[in-house]
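1. predicted model and sequence below, questions to follow.
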Amino acid sequence: MNEPEFIAALRGLARSDAARGLEDDAAVLAVGGETLILTHDTLVQGVHVREDEDPADIAWKLVAVNLSDLAAKGARPLGVLVSHMLGQGDARFVEGLGEALETYGVPLLGGDTVAAQGRRVWGCTAIGQATHSPVPDRRGARAGDEVFVTGRLGRAMLGFEAGHGESEHALAYRRPAPRLSEGQALAPLVTAMMDVSDGLLLDSSRMAEASGVTLSLGSAAIPVADPARRDDCISWGDDYELLFTLPAGTTSPVPATRIGVVTDRAAAPLYLDAEPLTNRDRLGYIHAAAGRP
């Protein structure tokens with residue numbers, strides 16, 4: 001199975017309303033008078049991080065990508081649990097983990113440690129507290145809404161290609177910055193919101209499918225780090241910006257760019273420059289089983 005096929009198979013098991021039909025990047029769980037947001041992400045050596053990545057940067061990225069999921073729910077982080085596979089640079093991993101936790105004011109609550117052969121794997125579960133009800137969802141976009149994105153897309157791609165330097169783009173790849181304050185400011189206003197992790201086009205298609213609508217984007221309006229490579233910038237991923245929809249005429253409370261509109265469902269969930277994009281495998285990054293293209 002590839003990633004979408006496996007998630008589809010799991011939907012029959014995810015019967016709780018908290019799972020949101022596995023159409024979101026986080027679970028939303030009501031406990032007493034509070035609403036908790038729970039998310040989990042995994043990093044694999046040679047897939048999500050370079051084979052020779054500094055373990056301190058791996059630890060930072062592990063925390064940051066999970067906090068980015070909380071940001072898309074407008075949540076306030078309460079803590080993380082971290083799974084670490086022992087190997088070279090364990091002390092550096094601890095150092096980078098401490099830097100990330102201190103930067104975002106997030107406590108370490110626990111986790112797991114293992115030793116094994118082969119590619120190293122790291123996992124993190126982040127727990128947050130909702131700051132607004134209803135909690136933002138991928139499924140709320142409606143025809144007539146306007147589509148926005150924060151930041152500039154493609155910075156992580158350029159940083160990956162630049163190698164291990166200290167440039168703005170290199171740091172965007174190695175140490176992404178989750179948009180926590182922006183997510184909390186947007187939560188009361190958005191009709192739908194998610195973070196951009198697998199490429200703007202693929203994630204826009206996912207939002208459209210979850211909402212039962214079509215997102216129609218204009219390529220020239222999309223802010224990118226390298227206009228000469230616009231197509232790559234909007235499909236490469238690893239940006240961790242916020243993609244969101246607002247009712248028409250609503251002013252975004254955070255810096256963001258209007259990149260399109262929401263329409264009733266058309267022939268495809270995503271249009272770019274009035275052309276339907278129907279080959280989902282070419283929109284962004286999708287995991288496939290070993291040996292499968």
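-> It's in.
2. pull out the buried residues from stretch 120-129.
-> Across stretch 120-129, burial judged by 16 or more other C-beta atoms under 10 Å covers 120, 121, 122, 123, 124, 125, 126, 127, 128. C-betas here are computed from N, CA, C, even on glycine.
3. next one: stretch 266-274
-> Buried, per 16+ other C-beta under 10 Å, within stretch 266-274: 268, 269, 270, 271, 272.
4. so how far does that stretch reach from one end to the other?
-> Stretch 266-274 has an end-to-end distance of 11 Å (C-alpha to C-alpha, to the nearest Å).
5. and after the helix or strand encompassing residue 77, which helix or strand comes next?
-> Assessed by DSSP states H and E, residue 77 sits inside strand 75-85. Note on strand 75-85: by DSSP H and E, the next helix or strand toward the C-terminus is helix 90-104.
6. and whatever helix or strand comes next after that next one, how far out from the chain middle?
-> With elements assigned by DSSP H and E, the helix or strand that comes after helix 90-104 is strand 108-114. Distance, stretch centre to chain centre, for strand 108-114: 22 Å (C-alpha atoms, centre = their mean, to the nearest Å).
7. equivalent analysis for stretch 108-117, please.
-> 23 Å.
8. for it, what does the pLDDT average out to?
-> For stretch 108-117, mean pLDDT is 96.
9. need the contact partners of that stretch.
-> The contact list for stretch 108-117, computed with C-beta atoms under 8 Å, 6 or more residues apart in numbering, reads 79-87, 97, 101, 123-125, 127.
10. what mean pLDDT does the helix ranked longest in the chain have?
-> If you go by DSSP state H, the chain has its longest helix at helix 55-71. Helix 55-71 comes out with an average pLDDT of 98.
11. next, the angle from it to strand 108-114.
-> Angle, helix 55-71 to strand 108-114, by axes from the mean of the first three to the mean of the last three C-alpha atoms, to 10 degrees: 130 degrees.
12. who are the packing partners of helix 55-71?
-> With contacts taken as 3 or more C-beta pairs under 8 Å, 6 or more residues apart in numbering; DSSP states H and E, helix 55-71 sits against strand 34-44, strand 75-85, helix 90-104, strand 121-130, helix 168-174, helix 180-186, strand 192-196.
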